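In: With the input below, show me the fold.
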Amino acid sequence: MAAPRRRRVSLDGRTVLVTGASSGIGEATARAVAERGATVLLVARRGDELERVRASIEDGGGRASAYSCDLTDHDAIDALVARVLAEHGAVDVLVNNAGRSIRRSLALSYDRFHDVERSMAVNFFGPVRLTLGLLPAMRSQRSGHVVNIVTWGVQLRAPKFSAYIASKSALDSWSRVAARETYGENVAFTNMRFSLVRTPMSAPTEAYAGRGATPEQAAARVVRAIERRPPHVNTLAGNVGELLNLVAPRLADGLFHRFDRMFPDSRAARGAAGSDARRRSS
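Out: This is a model prediction of the structure:
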C-alpha cells in the first residue's frame, strides 16, 4: 500500500483551489502559491473581489482563474466541481478556507438556532460537499491534498464560540476519518488549527483589535503545510489546552469560565446598531 510521501512537495505546475480567496487568509494563500508556480483557482461569493485578486496575480506573472460560488448552495458547488474538472482536470490541492465566525454567548443565543445552521452550512457542509466532488479525481490520479483552515478552538473549546467551534470540529473530525480511507491513494488531509488571525472575520470583536497574526503569516504556514503534508498544524497554546481538557477537565472548565467572564460579548454580538456578529470569509 502506497503511503503519502514525506518528502517536500513542489507547488510548481500544481493546480491549487482556494475558497474564500477574495480576502484574508484565502487571498494571501492564493498569492503565495501562485508565486511558487501553482495555477490557483480562486473561489468566493464576491465576483468583483475575485477578479481583483485574479488580475493582480496575473499582473505579477502568475496563473489564476476566478469562480464565483456561494458555498452554502449545494447545486452551485456541484456546478463548480463539474466546471473545474472540465477546465483543469484533477485539482492537486484543495484549501478549504471560506468560513463563518460567530462569537456570541449562550445567553444571547437561545432564540438564534440559525447561528448554528449558518455555521454548519459554511464551515462543514460546504467544504465537505466540495471535497467529495473533487476527491474521486484525486484518488484516481493517486495524488492529492486537502487543507482545512479550522481553529485552535477545536482543542481549547473556548466560550462564546459554540456554533463556530462545533462546525469546525466537525470538519476536523470528518477529515481525519477521510484521511485514513484515502491513505493508500496518496491523498492527504491537513487541519490548520490557527490561533487568531487579523482578518475581516475577527474585526467586529473589540477585544481582538490589533491582535493575532497577519494573513500573510498565516498563508506562509499554509504553504509549508502543503509542501510537507502533516495531518495537523497546531499551536503550543492549543496543545496545552487540549492536554488540560484531557487530564483535568473540571479545572479547565473553571479556568475557561473565569476567562469567559473577563471578556464580555462584543457590541456586534449584542446586536448594536451598525454592527454584525456574523463574519464570513468568502
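
In: Now residue 222: closest residue in space that isn't a chain neighbour?
Out: Spatial nearest neighbour of residue 222, excluding adjacent residues (Cβ to Cβ, 6 or more residues apart in numbering): residue 29 at 4.9 Å. C-betas here are computed from N, CA, C, even on glycine.

In: same question, residue 96
Out: Distances taken as Cβ to Cβ, 6+ apart place residue 127 nearest to residue 96, at 3.8 Å, with adjacent residues excluded.

In: Identify the residues contacting the host helix or strand of the residue nearest to residue 222?
Out: Residue 29 is part of helix 24-35, with elements assigned from DSSP states H and E. Residues outside helix 24-35 that contact it (Cβ atoms under 8 Å, 6 or more residues apart in numbering): 11, 14, 16, 18-21, 40, 42, 44, 53, 56-57, 60, 62-64, 93, 95, 97-98, 149, 194, 197, 199-201, 214-216, 218-220, 222-223, 226, 281.

In: Assign a three-state SS to the residue nearest to residue 96, would you?
Out: Look at residue 127: counting by DSSP: H, G, I helix; E, B strand; the rest coil, its state is helix.

In: Residue 117: neighbour count?
Out: For residue 117, the neighbour count with other Cβ atoms under 10 Å is 13.

In: ok, back up a step: buried ones among the contacts of helix 24-35?
Out: When those are checked for burial by 16 or more other Cβ atoms under 10 Å, the buried set is 11, 14, 16, 18-21, 40, 42, 44, 53, 57, 62, 64, 93, 95, 97-98, 149, 194, 197, 199, 201, 215, 218-219, 222-223, 226, 281.

In: burial count for residue 168?
Out: Neighbour count of residue 168, defined by other Cβ under 10 Å: 25.

In: can you check the one 4 residues further on too?
Out: Using other Cβ under 10 Å, the number of residues around residue 172 comes to 22.

In: Quickly find the element holding it.
Out: Assigned by DSSP H and E, residue 172 falls within helix 162-181.

In: One more: residue 147?
Out: strand 144-149.

In: Quick one: list the elements packing against that strand.
Out: Under the contact criterion of 3 or more Cβ pairs under 8 Å, 6 or more residues apart in numbering; DSSP states H and E, strand 144-149 touches strand 93-96, helix 126-141, helix 162-181, strand 187-192, helix 215-228.

In: what's the helix or strand following that strand in contact with?
Out: Remark: after strand 144-149, the chain's next helix or strand is helix 153-156, criterion DSSP H and E. Helix 153-156 has contacts (Cβ under 8 Å, 6+ apart) with 161, 164-165, 168-169, 172, 191, 193, 234, 237-239, 241-242, 245, 256.

In: ok, back up a step: quick one, the helix holding residue 29 and helix 215-228 angle?
Out: Angle, helix 24-35 to helix 215-228, by axes from the mean of the first three to the mean of the last three Cα atoms, to 10 degrees: 50 degrees.

In: pLDDT of helix 24-35, averaged?
Out: Taken as a whole, helix 24-35 has a mean pLDDT of 97.
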